[in-house]
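S.K.: Build me a model:
(2 chains)
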2 protein chains.
Amino acid sequence: MALPPGVSERNFRRALDRFAAVVGSEWVFSSDADVALYRDAYSPLWDEPEEKVASAAVAPDSTEQVQEIVKISNELRIPLYPISTGRNLGYGGSAPVLSGSVVLDLKRMNRILEVDERNAYALVEPGVSYFDLYRYIQERGLKLWIDCPDPGWGSVIGNALDHGVGYTMNPYRDHFDAHCGMEVVTGGGELVRTGMGALPGAKTWQHFKYGFGPHIDGMFSQSNFGVVTKMGIWLMPEPEAYIDGTVEVFGHDDIIPLIDHMNYVMNTGLQNAGTNLQSPLRFAVARNPELRAALASDDPTDIAKLNAFAREADVPFYTNIFKFYGPEEVVRAQWDYTQRRLSSIPNVRFREGDFYRFPISSEEKSSARDPQDLGYPTLATFSIGARSNFAPATRGHLGFSPVIPMTGEAVIESQRVFQRVLQEFEGDAALLVFPQSYHPRTLVILCMFYVMPEAEANQNVRRVFKRLVEVAAEHGWGEYRTHTAFMDDCAAAYSFNDHALLRLHETLKDAIDPNGILSAGRYGIWPKHLRDG
Amino acid sequence: MALPPGVSERNFRRALDRFAAVVGSEWVFSSDADVALYRDAYSPLWDEPEEKVASAAVAPDSTEQVQEIVKISNELRIPLYPISTGRNLGYGGSAPVLSGSVVLDLKRMNRILEVDERNAYALVEPGVSYFDLYRYIQERGLKLWIDCPDPGWGSVIGNALDHGVGYTMNPYRDHFDAHCGMEVVTGGGELVRTGMGALPGAKTWQHFKYGFGPHIDGMFSQSNFGVVTKMGIWLMPEPEAYIDGTVEVFGHDDIIPLIDHMNYVMNTGLQNAGTNLQSPLRFAVARNPELRAALASDDPTDIAKLNAFAREADVPFYTNIFKFYGPEEVVRAQWDYTQRRLSSIPNVRFREGDFYRFPISSEEKSSARDPQDLGYPTLATFSIGARSNFAPATRGHLGFSPVIPMTGEAVIESQRVFQRVLQEFEGDAALLVFPQSYHPRTLVILCMFYVMPEAEANQNVRRVFKRLVEVAAEHGWGEYRTHTAFMDDCAAAYSFNDHALLRLHETLKDAIDPNGILSAGRYGIWPKHLRDG
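M.R.: Here you go, the predicted model:
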């Protein structure tokens, strides 16, 4: 049996026995086979000594049981790692940051406590998945949409706390921004309700975010200081219609006006969804070494070659899908305006896309390009780097995704910078180096890596990843979210004033979770007793 | 000379001398005449022994000077009360919560550090007012709007930290939600940058809110734990056009479908501005005792009388102005749709309102109904309860504004409940009891009071106010923001789990501001040494 660091076998067994007394022995998992289920299937550390693994897991069924487990863990100094439901693949899965932690698995707390159709919100527990919430709404015929990320098995609470995103419109697609009100068991074991929930019998816990006084909810995102046991989430009333259309641009520098226009339509609320940027040209040149190398070049001759290829092969350098939700006459006017605005880009081309009136039929659902755009959850995303039908076979994928300014110039510069780093390393680790906007006003460059069955390949990926983190920081770009394997590396880049923010996080840690039992090491924040290690 | 509580005259003089050495003696204010300028002109405690008054004030010019002042205050245990610029009338003005505190006046830190037109944001210091930012933008001909609250003299940072609001559209009108990135001097004296600002040389401090790891910005709203010395604010790109229109409904219960439809158009992003609800009927019956009393009644006979009056006098029970920003064809389609949607309310009437194409002329500006709706600051709001031309003459006003559910039923119930409380008290303290939505999804009932020259009248207002807080709490409704005179009363209502949230705030206080020097008592949060007093 693996042990939490610094915990005696005797104390660990006592803890598991006391956990069992709280939740029932069938909900305490300590056999090798059971604990193996909490391994991270996409881990870039897979089967290596550094792989992050749990010692055990415990699955409470209620807030009261969470409080009891936290109390016992404080007494016996057991490190806990809360997870909700779903997989969190690419970000560390259900495995803890600190090997030997006990996973606090909240999947049984899957109650949908309230869905209010008129005010369009839900109050849920952490085990509620997007599928669960979707089905609940459908079964009752409520005219409400969920906003879900790629895999629908994820937790509504877990994804929001992880600063996850979806695909419909503001404010729903920024899942943390769409939350309203929390119930939290702090690391020290206190049960707290935030916002208006601090008022007994509150009628507006899911209406008004800030409550009275300082607004501390954000502190509990990333689960360093407390276990969120209930959370409100704003839902989108079913719109009457949806329309999308694609804009195609053909020049290397056209990304500059394209993003400027995107900023305008997004920041004036005309188009409230995120981007769906693609580069057909990047795929078209993938097997042409000369043109591919030109993508990382700032030599005008190389750029001219790419532009000539785009023109002659009639392959757009960039495309973006603009999506609109609302009454038919409004969304058509919005798409018309968007085309008129973008028509100043030379040789721009527009393609009409999908149009739906809601509710849609099940045939329309199953043929939809991106079901998440229409408010329903799928697992279709797992065709990315798909394992069985993809050569070479991968175990999964991993994203390096620093935030860059939302300008075409930054896209061009960051693509060059990162392509050059990738070229320094042998192998062909990166799937793509590409901009996308999920959070409002925020552009990330996505570098996707394969995670492979072979340790050696993963070691190379880790080296590349760490180098990318350093190079990004030199340019003023930082990660917004990362895999558990790289949390300390990414956190190290946020070093303003001798790491003042990290030190403040540590001050909060010591105050709210004084025995340092929760989520040790998550996002670089370690408890006092492990800080110098 | 007034002294801070628990500070010897000798130490106080030493502190003022050391402050003078940092900022220059002309920026330390301790004469009675100077300190009197920091009194709260709208205080309901005016000239009574309980009036909250400063002992002195100090006005630094830079973050470094703020750090020095905080350091000295920690050494000598001087309570500091940070203010920015403007007046904050109705919420305590520039007077501290704890009498004898030294006001940390940030008005000299009025630099506009950056305005980015393409990405539509500004980075400002706390002394920057809405007028300052507006002028800066106009002088440079930037196509950007500000979103400002009623008085344009307020601080962009101060208003956001106070959970203040404006009048254009989401996300801009919720000023805290529109902030992005902070620089803070904590109570303990640490200089911290939040979000992406924690990365040295960050290029996206004003692009992406959350940064890496937990998102702690909200903790610094209301200024309990730190002094915000820089903040990013998202600005709205100039829209092409604006249209508004008024909806009039005539039945007592029509507020129910009216608010349901408002929820729909607001929550689907069709109409992103707040409400502008009025009740012509309430004003029309103000001098009719029988009908006025009927407003607080749930007797169907009384309601029928009100409905008959509305019908016969052709006076709407409620009106709301719907506002739309965007290209002309889009905003016209949005207003048309809104009318179609609301046409199911019996006898509903629509009135075309204003239409503007931007930029507008200075004639259009000066004739605009609400200049804030069009993105420019004014001081016109000070006609509310205007002092000289109003009988009886008041000194100012004060708002009791609990958050109620955003439904017509809650409006009807809360109006009855609060009217009855007001009728218990002699006098005619309340200006109105009326719903309005400023923050997204949030309805507040506004009870406006006059603040009078006579202490006795103000004592009555305080009694009524405290009773309203209690009655509201019994119904699950709580204040979102309040005058400093009532912070402890309002905070006491947020008592879930033996005041767990307040205790967590206190834990944060002790950790981040260990000597308890900042904003003592603000929003009910007291430092340890004053907690039991």
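
S.K.: wait, what's in contact with residue A:216?
M.R.: Residues in contact with residue A:216 (CB atoms under 8 Å, 6 or more residues apart in numbering or on different chains) are A:194, B:218, B:219, B:504, B:505, B:508. Backbone N, C-alpha and C define where each C-beta goes, glycine included.

S.K.: The fourth one should be in a helix, yeah?
M.R.: Yes: counting by DSSP: H, G, I helix; E, B strand; the rest coil, residue B:504 is part of a helix.

S.K.: ok, back up a step: scan the contacts of residue A:216 and report the most crowded one.
M.R.: Neighbour counts for these, by other CB atoms under 10 Å in any protein chain shown, peak at residue A:194, which reaches 31 neighbours.

S.K.: Tell me if I'm right that that residue and residue A:184 touch.
M.R.: Yes: counting by CB atoms under 8 Å, residue A:184 is a contact partner of residue A:194 at 6.8 Å.

S.K.: Name the residues contacting each of these two.
M.R.: By the contact definition CB under 8 Å, 6+ apart, residue A:194 and residue A:184 are jointly contacted by residue A:220.

S.K.: what residue ranges in chain A score low on pLDDT?
M.R.: A:1, A:381-393, A:426-431, A:533 (pLDDT under 70).

S.K.: at 80 what do you get?
M.R.: A:1, A:380-395, A:425-432, A:532-533 (pLDDT under 80).

S.K.: ok now do whatever residue of the stretch 1-150 of chain A ends up closest to chain B, which residues does it touch?
M.R.: For the stretch 1-150 of chain A, the residue closest to chain B is residue A:120, as judged by CB to the nearest CB, at 5.1 Å. Remark: with contacts taken as CB under 8 Å, 6+ apart, residue A:120 is in contact with A:144, A:234, A:235, A:236, A:237, B:263, B:267.

S.K.: 10 Å instead, please
M.R.: A:142-145, A:172, A:206, A:233-238, B:263-264, B:266-268, B:406, B:441 (CB atoms under 10 Å, 6 or more residues apart in numbering or on different chains).

S.K.: Break chain A down into its structural domains.
M.R.: Listed by automatic domain parsing, the domain ranges of chain A are A:9-107, A:112-237, A:241-358, A:396-482.

S.K.: Dump these to TSV, plus distance to residue B:130.
M.R.: Shown next, in TSV, are the domains of chain A (distance: least, CB to CB, whole Å):
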stretch	distance to residue B:130
domain A:9-107	41
domain A:112-237	21
domain A:241-358	19
domain A:396-482	21
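
S.K.: Of those, which stretch is the most buried?
M.R.: Comparing the domains of chain A by mean neighbour count (mean count of other CB atoms under 10 Å in any protein chain shown), domain A:112-237 ranks first with a mean of 23.

S.K.: What are the phi and psi values at the spatially most central residue of chain A?
M.R.: With distances taken as CA atoms, centre = their mean, residue A:164 lies nearest the centre of chain A, 3.4 Å away. When read as degrees, to the nearest 10, the backbone of residue A:164 gives phi -80, psi 170.

S.K.: who's in contact with it?
M.R.: Per CB under 10 Å, 6+ apart, neighbours of residue A:164: A:88, A:91, A:148-150, A:154-156, A:158, A:173-176, A:438-439, A:481.

S.K.: among those residues, which are within reach of chain B?
M.R.: Filtering the contacts of residue A:164 for neighbours of chain B using CB under 10 Å from any CB of the partner chain leaves A:174, A:176, A:439, A:481.

S.K.: Nearest to residue B:324 among these?
M.R.: In terms of CB to CB, no member of the ones next to chain B among the contacts of residue A:164 lies closer to residue B:324 than residue A:174, at 23.1 Å.

S.K.: dump the residue contacts of the closest one.
M.R.: A:147, A:160, A:163-166, A:274, A:438-440, A:442, B:171, B:209-210.

S.K.: Make a markdown table from the residues you listed and add distance to residue B:201 and secondary structure to it.
M.R.: Formatted as a markdown table, the contacts of residue A:174 follow (distance: CB to CB, whole Å; DSSP: H, G, I helix; E, B strand; the rest coil):
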| residue | distance to residue B:201 | secondary structure |
| --- | --- | --- |
| A:147 | 34 | coil |
| A:160 | 30 | helix |
| A:163 | 22 | coil |
| A:164 | 27 | coil |
| A:165 | 26 | strand |
| A:166 | 31 | coil |
| A:274 | 27 | coil |
| A:438 | 24 | coil |
| A:439 | 21 | coil |
| A:440 | 23 | coil |
| A:442 | 18 | coil |
| B:171 | 27 | coil |
| B:209 | 19 | coil |
| B:210 | 19 | coil |
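
S.K.: just these now: which is nearest residue B:280?
M.R.: Checking those against residue B:280 with CB to CB, the nearest one is residue B:171 at 31.5 Å.

S.K.: Is the closest residue to residue A:277 other than its chain neighbours in a helix, a strand, or coil?
M.R.: Spatial nearest neighbour of residue A:277, excluding adjacent residues (CB to CB, 6 or more residues apart in numbering or on different chains): residue A:320 at 5.0 Å. Three-state assignment for residue A:320 (three-state DSSP): strand.

S.K.: State the distance from residue A:320 to chain B.
M.R.: Residue A:320 is 17 Å from chain B, where distance means CB to the nearest CB, to the nearest Å.

S.K.: now swap in residue A:210 and tell me
M.R.: 5 Å.
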